[in-house]
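Engineer: just need the structure, nothing else, for what follows:
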Amino acid sequence: MSDAPLAVVRVRAAVPGDAAAIAMLERESFPHPWTELQVLGELTHPAPFCWVASTSGADGAPLAGYALFRRVLDEAELLRLAVAVSLRRRGLAEALVERGIAELRAHDCETAFLEVREDNAGAIGFYEATAWTLAGRRRRYYPDGTDALLYRRSLRTVSP
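Structural biologist: Take a look at the predicted model:
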């Protein structure tokens with residue numbers, strides 16, 4: 001596996017037809033993956049904020065990753081973020097999160113939150129390197145009893 005950035009990455013808004021591919025990424029990425037039905041439920045909300053990435057410009061290319069946000073008024077939560085194992089550490093996660101952040105800013109969101117397993121060192125490193133700050137802990141948050149770390153990111157744009 002190379003850590004080199006991918007030459008071609010297409011990021012687009014997810015559609016309900018992406019639910020099966022997203023669920024496959026879930027199974028590859030999480031100890032407690034969401035089902036296709038759960039993913040479809042999120043994608044059919046009135047205003048889903050879900051972005052998918054592929055490594056080819058062609059429609060129908062396999063999904064390489066996705067980021068799913070939920071917005072309520074001026075706050076948002078990054079619910080899920082996953083990248084195919086073979087494509088990790090090549091900029092896809094950052095491209096997906098930044099696309100979501102840009103869209104949330106366009107909808108006047110000021111703050112985003114996320115929870116991450118305390119034992120997920122790779123994800124924690126990514127979030128801390130991309131402007132998320134530790135804001136708390138949720139004890140025994142996950143079904144196996146693992147704590148979640150709560151992270152926050154300001155979405156306010158800084159004026160020059």
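Engineer: what about the helices in the protein?
Structural biologist: Using DSSP state H, the helices found in the chain span residues 19-29, 36-43, 92-106, 121-129.
Engineer: out of these, which gets nearest to V11?
Structural biologist: Closest approach to V11 among the helices of the chain (Cβ to Cβ): helix 92-106, 5.0 Å. For the C-beta atoms, the positions are set from N, CA and C on the backbone; glycine is no exception.
Engineer: what is the closest one packed up against?
Structural biologist: strand 10-13, strand 49-54, strand 63-72, strand 75-83 (3 or more Cβ pairs under 8 Å, 6 or more residues apart in numbering; DSSP states H and E).
Engineer: could you export that helix as CSV, CA atoms only?
Structural biologist: Output of helix 92-106 as CSV, limited to C-alpha atoms (Å, rounded to 0.1, in the frame of the first residue of the first chain):
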residue,chain,number,x,y,z
LEU,A,92,-9.3,10.6,0.7
ALA,A,93,-10.5,11.1,4.2
GLU,A,94,-9.3,14.7,4.3
ALA,A,95,-10.9,15.4,0.9
LEU,A,96,-14.2,14.0,2.1
VAL,A,97,-14.2,15.8,5.4
GLU,A,98,-13.2,19.1,3.9
ARG,A,99,-15.9,18.8,1.2
GLY,A,100,-18.5,18.2,4.0
ILE,A,101,-17.1,21.1,6.1
ALA,A,102,-17.4,23.5,3.1
GLU,A,103,-21.0,22.5,2.6
LEU,A,104,-21.8,22.9,6.2
ARG,A,105,-20.3,26.3,6.3
ALA,A,106,-22.4,27.2,3.3
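Engineer: other residues contacting that helix?
Structural biologist: Identification of contacts with helix 92-106 by Cβ atoms under 8 Å, 6 or more residues apart in numbering yields 6, 9, 11, 49, 51-53, 64-67, 69, 71, 76, 78, 81, 83, 112, 126, 130, 153, 155, 157.
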